[in-house]
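Asker: Attaching a predicted model along with its sequence, questions to come.
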Amino acid sequence: MAKQKRSRPSTLKHRTLEQWEKDWRQFSSRDPGNGYELPVDLPQHERAFLTQVRTPEGERARLKRIHDEFMRGFKAFYRLGPAVTVFGSARFTENHRYYKLARQVGKELARAGFATLTGGGPGIMEAANRGAHESGGASYGLNIKLPHEQHDNPYVDQSVEFRYFFIRKVMLVKYSCAFIVMPGGLGTLDEMFEAATLVQCGKIGPFPVILMGEKFWDGMRRWGRTMMKHGVFTQEELKFGWVTGSPSEAVEVIRRSLSPDVRDRLDVPAYKEP
């Protein structure tokens, strides 16, 4: 009897348009009510296909929500610092090596006198907050409303919940003097590229952006070298970056990046060289 060929699952690279459309319909069916907005003065037969329309009243209401959310963040964190933001996945559990690594990162930050900022949720965020909390350091969470994954972790001194991702990212960047990027997914990459772009363009800092977990970031580093070959940026522009698997080394890099007046504000009697 001839063996039947097993159909191999399609990859993102080798999908046909028909496969993409099938995948898209399955993906988009999770939230069918979240449609694209168009101006309210469209013909009625076009508006019938929309779940939302834009109106001046709606835009003003949205602007007020954005303003109020920014003000809540400013009031909560304007006294904070020096602080370091730790980015990373919400999906790693307590026994995972990356959770343990992030927990150690939080401990090292606390021992060096830094406040620890995270997205406030589970996984890597919880681990970094936990390490800081256990070592007597300041620990803060900036949570986001999501339908799954995200909930407050119990290791924060203060938690502020955000509706808008972009406001939350502003807060995570605004109050930090460095960024430690743990292994993570699309959200972590988004946060990392946001911080790196702002540093590269001179809009913040200069601050160090540290990738934690050398093996995890191998592919990213190879991709970066390919991009440099194409000339889209140079190695000189990325000298704020550092890759390590050592939490103590990461914190030492941050400490060395600080100006003397900022270093003097670290809430520890003295910092011992590792």
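Answerer: Cool, the structure landed.
Asker: Need the single longest helix in the chain, by residues.
Answerer: Using DSSP state H, we find that the single longest helix of the chain is helix 56-77.
Asker: Give me the buried positions along it.
Answerer: If you call a residue buried by 16 or more other CB atoms under 10 Å, then helix 56-77 has these buried ones: 69, 73, 76, 77. Yep, even glycine has a C-beta here, placed from its N, CA and C like the rest.
Asker: Quick check: of the residues you listed, which lies closest to residue 96?
Answerer: residue 77 (29.0 Å; CB to CB).
Asker: which residues of the stretch 51-200 of the chain fall in helices?
Answerer: Secondary structure of the stretch 51-200 of the chain (DSSP state H, counting those that start in this stretch): helices at 56-77, 97-111, 124-134, 165-174, 186-200.
Asker: three-state assignment of the closest residue to residue 15 other than its chain neighbours?
Answerer: Nearest non-adjacent residue to residue 15, counting by CB to CB, 6 or more residues apart in numbering: residue 23, 7.1 Å away. With DSSP: H, G, I helix; E, B strand; the rest coil as the basis, residue 23 sits in helix.
Asker: now residue 23: how far from residue 187?
Answerer: Per CB to CB, to the nearest Å, residue 23 is found 21 Å from residue 187.
Asker: Please apply the same query to residue 249.
Answerer: 25 Å.
Asker: Verify the contact between residue 217 and residue 244 for me.
Answerer: No. At 10.0 Å, residue 217 does not count as touching residue 244 under the criterion of CB atoms under 8 Å.
Asker: Tell me the residues that contact both of the two, please.
Answerer: Both residue 217 and residue 244 are contacted by residue 211, under the criterion CB atoms under 8 Å, 6 or more residues apart in numbering.
Asker: just curious, which of the buried residues of helix 56-77 is nearest to residue 102?
Answerer: residue 77 (21.0 Å).
Asker: Quick check: closest non-adjacent residue to the closest one.
Answerer: Using CB to CB, 6+ apart and skipping the chain neighbours, the partner closest in space to residue 77 is residue 175 (4.9 Å).
Asker: next one: residue 165
Answerer: Per CB to CB, 6+ apart, closest to residue 165 is residue 144, 6.4 Å.
Asker: quick one: contacts for residue 214?
Answerer: 243, 244, 245.
Asker: now swap in residue 107 and tell me
Answerer: Contacts for residue 107 (CB under 8 Å, 6+ apart) come out as 131, 132, 134, 135, 137, 247.
Asker: What about the last one, how many residues nearby?
Answerer: Other residues near residue 247 come to 24 when the count uses other CB atoms under 10 Å.
Asker: What's the separation between it and residue 210?
Answerer: Using CB to CB, residue 247 is found at 10 Å from residue 210.
Asker: What of the fourth one?
Answerer: For residue 135, the distance to residue 210 equals 19 Å [CB to CB].
Asker: got it, and the second one?
Answerer: Distance of residue 132 to residue 210, given as CB to CB: 16 Å.
Asker: The two: which is more packed in?
Answerer: The neighbour comparison of residue 132 against residue 210 (other CB under 10 Å) goes to residue 132, with 31 against 25.
Asker: so the more buried one makes contact with residue 110?
Answerer: Yes. Using CB under 8 Å, residue 132 is in contact with residue 110, at 4.4 Å.
Asker: Common neighbours of those two, please.
Answerer: Counting by CB under 8 Å, 6+ apart, the residues touching both residue 132 and residue 110 are 116, 138, 139.
Asker: quick one: which of those is most hemmed in?
Answerer: Neighbour max across the shared contacts of residue 132 and residue 110 (other CB under 10 Å) = residue 116, 33 neighbours.
Asker: from what I can see that residue touches residue 138, true?
Answerer: Yes. Taking contacts as CB under 8 Å, residue 116 lies within contact range of residue 138: 6.9 Å.
Asker: Need the overlap of contacts for these two.
Answerer: 83, 110, 132.
Asker: mind giving me a markdown table with these and columns for distance to residue 90?
Answerer: Formatted as a markdown table, these follow (distance: CB to CB, whole Å):
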| residue | distance to residue 90 |
| --- | --- |
| 83 | 20 |
| 110 | 22 |
| 132 | 17 |
